[in-house]
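A.B. asks: my questions are about this predicted structure, shown below with the sequence.
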Amino acid sequence: AQRVTQPEKLLSVFKGAPVELKCNYSYSGSPELFWYVQYSRQRLQLLLRHISRESIKGFTADLNKGETSFHLKKPFAQEEDSAMYYCAPRTNTGFQKLVFGTGTRLLVSP
Amino acid sequence: EPEVTQTPSHQVTQMGQEVILRCVPISNHLYFYWYRQILGQKVEFLVSFYNNEISEKSEIFDDQFSVERPDGSNFTLKIRSTKLEDSAMYFCASSEEVLYGYTFGSGTRLTVV
């Protein structure tokens, strides 16, 4: 079955520390993957997509097809990075909708 | 930057009542979606809508639910005979192309009492 897994519910780091938010997927073919962020009481916002290979707010994510992972990384966490982060593959069947993981809450302490 | 607008931000309704959640997608977007998030749980897909018809729906989206694009700008989710377990945050989203990322609204918090 197609599935996305974010194993950590909560990741707590200090400001300036490196961050890695894990995402593993099990999809056939070549899925397209996204990371969304939800700051406190705000809407879900697109953070980045693997196809564009861009870096937003210092975050990057590399698709590793061998490990079926799409981990989100940032070398130096900032307090304003505290939020919920959702990994979201796009299904490659049917209407190709986004399917969200359970999310990881990142808490960056001063 | 264009936004997806959802109203109301919070709705409280009695069990068994009908509610309509409203969304105004971005004007040049063609694909529309509803998701929901029960408190403490993940964001779940409900339905996608394109070309004035449902293109896909989840198991959650049963006969109790319906969607409509009544006037070319609004996109509504109707829940008939609400149940306690319908209490959740409901997010509307739209995208310009099916392969693009989605733009989400700020959500409607539905509380069924």
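C.D. replies: Structure received.
A.B. asks: and the residue nearest the centre of chain B, how far is that from chain A?
C.D. replies: Central residue of chain B (CA atoms, centre = their mean): B:Trp34, 3.4 Å from the mean position. Look at B:Trp34 and chain A: by CB to the nearest CB, to the nearest Å, they are 11 Å apart. Yep, even glycine has a C-beta here, placed from its N, CA and C like the rest.
A.B. asks: so that residue bridges to which residues?
C.D. replies: Bridge pairing for B:Trp34 (DSSP bridges) gives the partners B:Val47, B:Cys92.
A.B. asks: return the residues in contact with it.
C.D. replies: B:21, B:23, B:46-47, B:67, B:77, B:90-93 (CB atoms under 8 Å, 6 or more residues apart in numbering or on different chains).
A.B. asks: who in chain A is up against chain B?
C.D. replies: A:32, A:34, A:36, A:42-46, A:49, A:86, A:90, A:94-103 (CB under 8 Å from any CB of the partner chain).
A.B. asks: these two touch, right, A:Val99 and A:Pro89?
C.D. replies: Yes: counting by CB atoms under 8 Å, A:Val99 touches A:Pro89, with 5.9 Å between them.
A.B. asks: hmm, A:Cys23 is touching A:His71, no?
C.D. replies: Yes: between A:Cys23 and A:His71 there is a contact at 5.9 Å, judged by CB under 8 Å.
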